[in-house]
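**Student:** Predicted model and sequence below, questions to follow.
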Amino acid sequence: MKKKKKFYENIMLVLLMGVILLASKRASLPASGGGEEKYDVPIIMYHAVMKDEGRSGKYVITPEVLREDIEYILDMGYEPVFISDIINFVYSDSPLPQKPIVLTFDDGYYNNYLYAYPISKEYGIKAVISIIGKHTYLQSESGEKQAESYSHVSWEQLKEMSDSGLWEVGNHTYDMHNTGKKNGLLAASGKNTEEKNKNIISDITKLQDLIKENVGVTPKTFVFPFGSYDENTNALIRDLGFEATLSCIEGINEISRGGNTELLYRYNRPAGVSTKEFFAGIFNK
Ligand SMILES: [Zn+2]
């Protein structure tokens, strides 16, 4: 009798574990099929792309690595989308592909135009470039010869990327990215919060106007320099009309209709990790 009881207890335990396993598996899998209401969306954060492998590091990868990443992403059935596709899914009726992913490039480097843009055209995939306005402005004004390692895109190049339909432009501030302490908006100058807020608003609005004037689009996405924000800056960005903000915190975004598009998580893609290894940690979450 005692043995039988133990047997049933074991059966119940196995069943219970099965249910838990199924539930956790379900939660971690990307939604399948069209017309879903919820998706797990990884966002990848790239910066510079340089041919010189000696320069590879935390924020620099080679074009070969980028190409491998893109081929792997596509092989795994993921489809790169814009942040605005996510915004339109969340706040409007637009659908998303079965397995959405977002590839973001921060700071607006010329090497994105030089290497990432041709690769994106080759594979027909979407990406997001979020520029620091002052660098693009100065590059465009000076007309200086561009270098792979440090130059930024010009308005003309940015417009070409945007016009291709494959690149979306994000706002990464006009000139609030060069603070010594790497805390971006939180280092805004001003005697008090009111004055600081005024400076933040004028900086970001300046870049919105410049992008509108030179590229013909109005960014809906704001990328916090160094991922630094607080409640105050968050509210300011929302009031400026941005519909999504990107953080530097790692994690998978649970995107649902009517849900949240603020402070979206991103995975930084450093050099020195194989494509498979890097994405295994993301796709298997
Ligand atoms: Zn940046």
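**Tutor:** Alright, I've got the coordinates. Residues are numbered from 1 along each chain as shown.

**Student:** for the ion, what are the nearby residues on the protein?
**Tutor:** 106-107 (CB under 5 Å from the ion). All C-beta spots, glycine's among them, are computed from the backbone N, C-alpha and C.

**Student:** Report the helix or strand with the lowest average pLDDT across the chain.
**Tutor:** The least trusted helix or strand in the chain, going by mean pLDDT, DSSP states H and E, turns out to be helix 2-28, with a mean of 56.

**Student:** For Glu64, which three-state class applies?
**Tutor:** Taken by DSSP: H, G, I helix; E, B strand; the rest coil, the conformation at Glu64 corresponds to helix.

**Student:** Count residues in the vicinity of it, would you?
**Tutor:** 13 (other CB atoms under 10 Å).

**Student:** From Ser274, how far off is it?
**Tutor:** Separation of Glu64 from Ser274 (CB to CB, to the nearest Å) stands at 12 Å.

**Student:** Not counting residues beside it along the chain, what's closest to Lys38?
**Tutor:** Once flanking residues are discounted, Lys38 sits nearest to Ser256: 4.4 Å by CB to CB, 6 or more residues apart in numbering.

**Student:** my guess is that neighbour meets Asp40, correct?
**Tutor:** No - checked against CB atoms under 8 Å, the pair Ser256 and Asp40 is beyond contact range at 10.2 Å.

**Student:** Helices of this structure, start to end?
**Tutor:** 2-28, 63-75, 83-91, 110-111, 117-123, 133-142, 155-163, 193-215, 231-239, 275-283 (DSSP state H).

**Student:** now what about the fourth one, what contacts it?
**Tutor:** With CB atoms under 8 Å, 6 or more residues apart in numbering as the contact definition, helix 110-111 has outside contacts at 48-50, 139, 146-149, 151-154, 157.

**Student:** Any quick PyMOL command for the buried ones out of those residues?
**Tutor:** The following PyMOL line selects those of the contacts of helix 110-111 that are buried, judged by 16 or more other CB atoms under 10 Å:
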select buried, resi 48+49+50+139+146+148+151+152+153+154+157
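
**Student:** mind listing which of the contacts of helix 110-111 are in strands?
**Tutor:** Within the contacts of helix 110-111, residues falling in strands by DSSP state E are 48-49.

**Student:** Closest one of the contacts of helix 110-111 to Asp69?
**Tutor:** Val49 (10.6 Å; CB to CB).

**Student:** Tell me where the protein is predicted with low confidence.
**Tutor:** 1-35, 179 (pLDDT under 70).

**Student:** mind listing what the most centrally placed residue in it touches?
**Tutor:** For the chain, Thr104 is the residue whose C-alpha lies nearest the centre (CA atoms, centre = their mean; 4.0 Å). Shown in contact with Thr104 (CB under 8 Å, 6+ apart): 43-46, 83, 127-130, 170, 223, 246, 266.

**Student:** one step back: Ser256 and Asp40: who's more crowded?
**Tutor:** Asp40 (18 against 14).

**Student:** Roughly how far does that one sit from the ion?
**Tutor:** As defined by CB to the ion, to the nearest Å, Asp40 lies at a distance of 25 Å from the ion.

**Student:** Just confirm that residue contacts Tyr265, I think it does.
**Tutor:** No - checked against CB under 8 Å, the pair Asp40 and Tyr265 is beyond contact range at 10.8 Å.

**Student:** so what sits against both of those two?
**Tutor:** 252-253.

**Student:** need the longest strand for this structure.
**Tutor:** The chain, longest strand under DSSP E: strand 100-107.
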